[in-house]
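Asker: here is my input; please provide its structure:
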Amino acid sequence: MVFVEGASSGILFVRDALRSLGTPDELKQGIQYDSLVGWVGRPGVYLRDLWGPGVHYRSNALGFRSNSEVTPRTAAGRVRILCSGDSFTQGAGVDNDHTWCELLTRKHGSLESFNLGLGGYGVDQAYLRFKRDGYPLEHAVHVFAFITDDFRRMSLRNMGSAGKPTLALHNGALKTENVPVPRPRGRVSRFRLVLGPLQQLRTVQLLQRVKGRLSARVAESAAGDSATAQVVSAIIADLSAMSRVSQSALVLVYLPTLDDYLGNSADRWRERLRAASGLQQNIWYLDLVRQIRLLPPDSASFFIPYQSDNAEGRAHGHYTIGGNQWVADNLYRFLAGIPAIASRLKRLVPDS
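Answerer: The predicted structure is shown next:
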């Protein structure tokens, strides 16, 4: 049964990947090479039907996925949230108005959010992009979101045809390596379109291990995870230091995938995140994997089905509108429980 399921997943991946490779180059307009991060959103882009009829993607002048422009300082009476992460934060498969980051703005009249998430990012890239592009902007909250694959990606120096940076600890300090990031080989649009089906399959994770690491032992894998965990702890410590300087709240959010809802592959990293965040006094940690496991079986509808045959299928495994709404609802309740944020919201516009 396991073999059949794995083989079926592989067949579905190949089908979806080939369909993606044959898709017009529309998404190529949405990203661009970046020598520090690997790839970022291209500024001022509007793609009307990216994930299906009317399922649009729009970026602002800074390349964030947003319908609005962002200024260095927050307007009076507003509370700004910056969202960092990968495609689950970016909102693959839904339009700009229905990403969980954007849906936060509907929870309270004073909230404004800006989405720095982008497909394929590891924790390292999300951190580097925030440090350069997000941190200089005035903000009250920085939501740094993870899925389990984001930690695995940290050991990679490329994703498909696109290069990426890596982070390592040298004498206790974070050092960025593989920079300037090599320019991508081939067509970036092809790489980006395949990220959705590529990253969600255990079959592909196995192939990644086979390629270049066929003889790797379990002990070596554990050592690699341990080294990655140390880098993640250093990243969190630096984000914490930045939040103290900017007087903002740092909120770490572990986002669930369908695999996490059905299995326990995320548990090791969830506990590592909890431990790392506990070492800092100004960090809040929201574990939505634990939350989703408390829900009834029909909560699988929170994820775009793998059998989808339309353009939305290129984002299968990501959140549906309902899934994004569930994340936004839980995250808002969590934010409203943080005293510094709750007091600011209370002084401003009442909850909608």
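
Asker: any idea which residue is closest to the centre of the chain?
Answerer: D86 (2.1 Å; Cα atoms, centre = their mean).

Asker: tell me how far that residue lies from P180.
Answerer: Separation of D86 from P180 (Cβ to Cβ, to the nearest Å): 22 Å. C-beta coordinates here come from the backbone N, C-alpha and C atoms, glycine included.

Asker: please apply the same query to S343.
Answerer: 44 Å.

Asker: that older thread, pretty sure the residue nearest to the centre of the chain sits against G119.
Answerer: Yes - under the criterion of Cβ atoms under 8 Å, D86 makes contact with G119 at 6.4 Å.

Asker: which neighbours do the two have in common?
Answerer: Counting by Cβ atoms under 8 Å, 6 or more residues apart in numbering, D86 and G119 have no common neighbour.

Asker: do a quick rundown of the strands in this structure.
Answerer: Counting by DSSP state E, the chain has strands at residues 31-34, 38-41, 46-47, 57-58, 79-84, 111-115, 141-146, 158-159, 162-163, 166-170, 173-177, 249-254, 283-287.

Asker: between those strands, which has the poorest average model confidence?
Answerer: Out of the strands of the chain, strand 158-159 stands lowest, with a mean of 88 (criterion: mean pLDDT).

Asker: what lines up beside it in the sheet?
Answerer: Paired neighbours of strand 158-159 in the sheet (DSSP bridges): strand 162-163 (antiparallel).

Asker: quick one: the strand it pairs with to chain centroid distance?
Answerer: In terms of Cα atoms, centre = their mean, to the nearest Å, the centre of strand 162-163 is found 17 Å from the chain centre.

Asker: what residues are up against R157?
Answerer: So R157 contacts G163, K164, T166, N178 (Cβ under 8 Å, 6+ apart).

Asker: for G30, give its distance to F64.
Answerer: Per Cβ to Cβ, G30 is found 12 Å from F64.

Asker: give the residues shared as contacts by those two.
Answerer: Residues touching both G30 and F64 (Cβ under 8 Å, 6+ apart) are G41.

Asker: which one's more surrounded, the two?
Answerer: Shown here are G30 and F64; by other Cβ atoms under 10 Å, F64 has more neighbours (28 against 23).

Asker: tell me the contacts of Y135?
Answerer: Counted by Cβ under 8 Å, 6+ apart, Y135 has contacts M242, S246.

Asker: swap in Q280?
Answerer: The contact partners of Q280, by Cβ under 8 Å, 6+ apart, come to I236, A237, S240, L250.

Asker: what is the nearest of the residues you listed to L288?
Answerer: Nearest to L288 among the contacts of Q280, counting by Cβ to Cβ, is L250 at 16.5 Å.

Asker: need the contact list for that closest one.
Answerer: L250 touches H142, F144, L239, S240, M242, S243, Q280, N282, I283, W284, counting by Cβ under 8 Å, 6+ apart.

Asker: for the closest residue to D49 other than its chain neighbours, report the pLDDT, please.
Answerer: The shortest distance from D49 to any non-neighbouring residue, by Cβ to Cβ, 6 or more residues apart in numbering, is to V55 (6.5 Å). If you check V55, the pLDDT there is 93.

Asker: which parts of the stretch 51-200 of the chain are helices?
Answerer: Counting by DSSP state H, counting those that start in this stretch, the stretch 51-200 of the chain has helices at residues 87-90, 100-103, 123-129, 148-152, 188-199.

Asker: what about the nearest residue to L262 once chain neighbours are set aside, neighbour count?
Answerer: Distances taken as Cβ to Cβ, 6+ apart place A300 nearest to L262, at 7.9 Å, with adjacent residues excluded. When neighbours are counted by other Cβ under 10 Å, A300 registers 14.

Asker: how about R183?
Answerer: Neighbour count for R183, taken as other Cβ under 10 Å: 11.

Asker: against R132, how distant is it?
Answerer: Distance, R183 to R132, using Cβ to Cβ: 19 Å.

Asker: cool, V231 as well?
Answerer: Distance, V231 to R132, by Cβ to Cβ: 18 Å.

Asker: dump the residue contacts of Y46.
Answerer: By Cβ under 8 Å, 6+ apart, Y46 lies in contact with H56, Y57, R58, S59.

Asker: oh, that last question was meant for V123, not what I typed.
Answerer: Here V123 is in contact with F146, D150, F151, R153, M154, V232, I235 (criterion: Cβ under 8 Å, 6+ apart).

Asker: can you put those in a markdown table and add neighbour count?
Answerer: Shown next, in a markdown table, are those (neighbours: other Cβ atoms under 10 Å):
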| residue | neighbour count |
| --- | --- |
| F146 | 24 |
| D150 | 25 |
| F151 | 22 |
| R153 | 22 |
| M154 | 24 |
| V232 | 22 |
| I235 | 22 |
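
Asker: right, so of the strands of the chain, which gets closest to Q90?
Answerer: Judged by Cβ to Cβ, the one of these that comes nearest to Q90 is strand 111-115, at 6.4 Å.

Asker: surely W39 and Q32 touch.
Answerer: Yes - using Cβ under 8 Å, W39 is in contact with Q32, at 6.8 Å.

Asker: in terms of neighbours, single out the busier of those two.
Answerer: More crowded of W39 and Q32, by other Cβ under 10 Å: W39, with 25 against 14.

Asker: spatially, what comes nearest to the more buried one if we skip its sequence neighbours?
Answerer: Setting aside the residues directly before and after it, W39 is nearest to I31 in space (Cβ to Cβ, 6+ apart), at 5.0 Å.
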